[in-house]
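[1] next input, structure requested:
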Amino acid sequence: MNMRRRKLHYEYCSNYTILGFLLFVLMREYSSGVFAFHTRTIINYRNNYPSSSLGVNFKNDDRLEVSTYSNDENDTDCSSTTARTRDNNYGVFSSSLLSRRRATNTIVAAMTGISNAELAWKTAVATAATTTSRTELPTNTREVLESGRAVVIPNWLSITEIRELRRDAKQCFEDGKFKNFILSRNPNKADRAANDRWIMPSFAAGGGNLGPFADSTVGEFDVRQRFKAKMASVKALLSEELTGRPTLVDDERQTHEMEYLRYGAGAFLQRHTDEHHVELKRPNGSRLPKKPNASRRSVTWMVYLNEEWETATDGGQLRLHERARPSMTPVGARGDDLQIGWLKAMTSDQTEQPVFLDPFCNGPENETCMLYTTTSGSRRNLSSKPFANIALYLGGGDALARKLMIENSDYAKRLHLIDAPKSLVSSIGSNNNNKDYAGEDGGERIRDIAPQGGTLVIFDSVSLPHEVLLTNKERFGIQGWFHEHLGYS
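    Numbering: from 1, shown residues only. Have a look, this model is predicted:
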C-alpha cells in the first residue's frame with residue numbers, strides 16, 4: 001500500500017514538473033517577443049474644429065502622431081528613443097510578429113519565379129489582400145491621407161531590415177546599377193552637386209518590365225523581395241480603404257513604381273508634386289489618345305535607410321507644404337477629374353476645399369474648362385461658363401488664375417493653385433530653410449520629416465507639394481508610387 005502511494009506521489013510530482021517546464025518555455029517565448037505585439041501606434045488628434053465629413057476633428061497643428069516602435073523582436077540595437085508598449089488603449093493597432101512574418105513569407109513565395117516586374121507586383125498585391133491584417137497601418141490612415149496630410153510612421157522597418165536594404169543599395173550603387181535623375185522643371189540642371197540624385201528603378205527605360213530593382217541577378221534580391229512584400233500589404237490595405245479610388249488595384253498597364261534612392265552631399269530637390277492633371281501636361285491633353293490601360297500616380301510613399309542621422313548638421317529633410325487647415329472632403333480626384341487647387345478657408349466658418357478641373361464642359365472650341373468643388377457629394381461649379389484652356393498655361397500664379405478661371409469674386413479671392421501653371425512661381429520661398437513660409441496664398445504650413453532609418457511616409461501624389469532640403473552627406477531610401485487608372489482614356 002505504501003509502495004503504491006509512493007508511486008502515485010511520484011507520478012503526481014512528475015506531472016507537475018513537466019507542466020512547470022512547459023509553462024517556463026511558453027513564458028520565455030512570450031518574453032522574447034514571439035507572441036509579442038510588434039506595433040503600437042497611438043493616434044492623438046487634438047481637436048478644436050467641428051467634425052469634418054471625413055469623420056476626423058482637426059486643429060491647425062494637427063498631426064498623425066505615431067509612437068515609435070520596434071519591428072523586430074531580436075532588435076537590441078535600436079535607438080534609445082524606441083518605445084515598446086503593450087498598452088492597448090487610445091486607438092492603438094497591433095498584429096503579431098509571427099502572423100506578419102507568415103504573411104510576408106506567403107507573399108514572397110507567390111512572387112517566386114516571376115521575372116516580369118509588373119506581374120510579380122500584381123501577384124504580391126493579390127496575395128497580400130488575402131493574408132494581410134487590417135491592423136497593419138494606423139487606424140486613421142485613410143482620414144489623414146484624404147485630408148491632404150502625410151502619414152508618417154517611425155520605425156516601420158526594423159534595424160535589421162534597414163541595414164540589409166542599405167547594404168544592398170550601397171553595393172548596387174557602387175556596381176553602377178543606379179541612374180541619375182533631374183526634374184524637367186529644375187532650373188539648376190547644370191549644378192552637378194545639386195543634381196547628385198540617383199535611382200535604381202523596377203522598370204527599365206523605354207517601358208521595359210525588368211529594371212535592376214526587380215532583377216534577380218542584381219544584388220541581394222531576396223532582401224528586396226521581402227521589402228516588396230511589405231509594401232504590397234500596404235497597397236492592398238489602401239486599395240480597400242481609400243475613398244473614390246476604385247482602380248487602385250485594376251489591371252492597368254503599370255500599377256506601381258519602386259526604386260532605391262540615393263542623394264549625394266550637396267543634392268536637393270525643388271518643390272514639386274508627383275502627378276498633374278493631363279490637361280496641365282500638354283494642351284488638350286484630356287482629348288489626346290492614351291495608351292491602352294494607361295495609369296497615373298495616385299499615392300506616393302518613401303522609406304528611409306539612414307542610421308545616426310543628425311538633422312541639424314546632415315540636412316536632407318523631406319519638406320511637406322501642407323495646407324494650414326486640412327481638407328474637409330477627400331483630396332486628389334473626383335472620378336477622372338484631378339485636383340489642381342484649393343479654396344482657402346478665409347474665416348472660421350469656412351472650410352478648406354479641394355478644387356477639381358473638368359476639361360469637358362460645353363462651351364466654344366478651346367473654352368471647355370471648369371473648376372468645381374464638391375459638398376456632400378454634390379458638385380458646385382465656380383463659374384457660370386467654362387474658361388479658355390490656354391489659361392492653364394499662362395504664368396502669373398494665383399493672381400492671374402483668379403482673373404481668368406473664376407468669375408465669382410468671393411471664390412476667386414480664395415483660389416490657390418497647387419502648382420502655378422508652367423511657371424516657377426510656386427518655388428518662391430523654397431529651399432531657403434524658411435519654416436515660416438506659408439505659400440503664395442498664405443494658406444500653407446511647412447512640415448519637415450527627418451530621413452531617419454525605418455520611417456515610412458505616405459501621401460497623395462496630386463495634392464501635396466514637397467521638396468528635399470540640402471543634403472550634407474550620403475542619403476539612402478526607397479521610394480515609389482501606387483498607380484490607378486488614367487482618366488479620359
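[2] mind listing what's buried along stretch 271-291?
    Buried residues in stretch 271-291, counted by 16 or more other C-beta atoms under 10 Å: 271-280, 285-286. Placement of C-beta: from N, CA and C, glycine included.
[3] can you redo these as TSV, where the extra columns are secondary structure, pLDDT and distance to P386?
    Output for those, formatted as TSV (DSSP: H, G, I helix; E, B strand; the rest coil; pLDDT from 0 to 100; distance: C-beta to C-beta, whole Å):
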residue	secondary structure	pLDDT	distance to P386
R271	strand	92	29
H272	strand	93	28
T273	coil	95	24
D274	coil	96	27
E275	coil	95	23
H276	coil	94	20
H277	coil	95	15
V278	helix	93	17
E279	helix	92	12
L280	helix	90	16
G285	coil	89	16
S286	coil	92	13
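[4] helices of the stretch 201-350 of the chain, start to end?
    Taking DSSP state H, counting those that start in this stretch as the test, the helices found in the stretch 201-350 of the chain are 221-241, 278-281, 311-314.
[5] my error: substitute the stretch 51-200 of the chain in the last question.
    Ranges of helices in the stretch 51-200 of the chain, per DSSP H, counting those that start in this stretch, are 97-111, 117-131, 141-146, 159-174.
[6] E407: how many residues sit nearby?
    Each residue near E407 was counted by other C-beta atoms under 10 Å, and the total is 13.
[7] count of residues packed around the nearest residue to it once chain neighbours are set aside?
    Distance criterion C-beta to C-beta, 6 or more residues apart in numbering; nearest residue to E407, sequence neighbours excluded, is S383 at 4.7 Å. Residues near S383, counting by other C-beta under 10 Å, number 17.
[8] go on, M346?
    13.
[9] my guess is it contacts R414, does it?
    Yes - counting by C-beta atoms under 8 Å, M346 touches R414, with 5.8 Å between them.
[10] quick check: neighbours shared by the two?
    Residues touching both M346 and R414 (C-beta atoms under 8 Å, 6 or more residues apart in numbering): none.
[11] show me the strands in the stretch 251-400 of the chain, by range?
    With DSSP state E, counting those that start in this stretch as the definition, the stretch 251-400 of the chain shows strands at residue ranges 256-263, 269-272, 295-304, 318-323, 333-334, 337-343, 353-358, 370-375, 378-381.
[12] low-confidence ranges, the stretch 301-450 of the chain, go.
    Residue ranges of the stretch 301-450 of the chain with pLDDT under 70: 420-433.
[13] likewise the stretch 1-150 of the chain?
    Low-confidence segments of the stretch 1-150 of the chain (pLDDT under 70): 1-98, 134-135.
[14] the same query, at a cut-off of 90, please.
    Where the stretch 1-150 of the chain drops to pLDDT under 90, the residues are 1-103, 115-119, 131-137.
[15] hmm, back to that, Throw the helices of the stretch 51-200 of the chain into JSON lines and include mean neighbour count and distance to R296, thanks.
    Formatted as JSON lines, these follow (neighbours: other C-beta atoms under 10 Å; distance: least, C-beta to C-beta, whole Å):
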{"stretch": "helix 97-111", "mean neighbour count": "18", "distance to R296": "24"}
{"stretch": "helix 117-131", "mean neighbour count": "20", "distance to R296": "15"}
{"stretch": "helix 141-146", "mean neighbour count": "24", "distance to R296": "16"}
{"stretch": "helix 159-174", "mean neighbour count": "19", "distance to R296": "27"}
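[16] can you put those in a markdown table and add distance to Y372?
    Output for the helices of the stretch 51-200 of the chain, formatted as a markdown table (distance: least, C-beta to C-beta, whole Å):
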| stretch | distance to Y372 |
| --- | --- |
| helix 97-111 | 40 |
| helix 117-131 | 33 |
| helix 141-146 | 18 |
| helix 159-174 | 43 |
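[17] out of the ones you listed, flag the one nearest G244.
    G244 lies closest to helix 141-146 among the helices of the stretch 51-200 of the chain, at 8.7 Å (C-beta to C-beta).
[18] in PDB, list the C-alpha atoms belonging to the closest one.
    C-alpha atoms of helix 141-146 as PDB (Å, rounded to 0.1, in the frame of the first residue of the first chain):
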ATOM      1  CA  THR A 141      -4.500  56.400 -42.100                       C
ATOM      2  CA  ARG A 142      -7.400  56.900 -44.600                       C
ATOM      3  CA  GLU A 143      -8.700  60.000 -42.900                       C
ATOM      4  CA  VAL A 144      -5.300  61.700 -42.800                       C
ATOM      5  CA  LEU A 145      -4.400  60.900 -46.400                       C
ATOM      6  CA  GLU A 146      -7.800  62.100 -47.700                       C
END
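[19] what's it in contact with?
    Contacts for helix 141-146 (C-beta under 8 Å, 6+ apart): 54-56, 64, 138, 150-151, 237-238, 241-243, 299, 327, 330-332, 458-460.
[20] ok, back up a step: who wins for proximity to K228 among the helices of the stretch 51-200 of the chain?
    Minimum separation from K228 across the helices of the stretch 51-200 of the chain (C-beta to C-beta) falls at helix 117-131, 6.1 Å.
[21] look at the residue nearest to T255 when sequence neighbours are not counted and give its secondary structure.
    Nearest residue to T255, sequence neighbours excluded (C-beta to C-beta, 6+ apart): H483, at 4.9 Å. Three-state call for H483 (DSSP: H, G, I helix; E, B strand; the rest coil): strand.
[22] number of residues surrounding H483?
    Using other C-beta under 10 Å, H483 is surrounded by 25 other residues.
[23] wouldn't it be in contact with H256 here?
    Yes - counting by C-beta under 8 Å, H256 is a contact partner of H483 at 5.9 Å.
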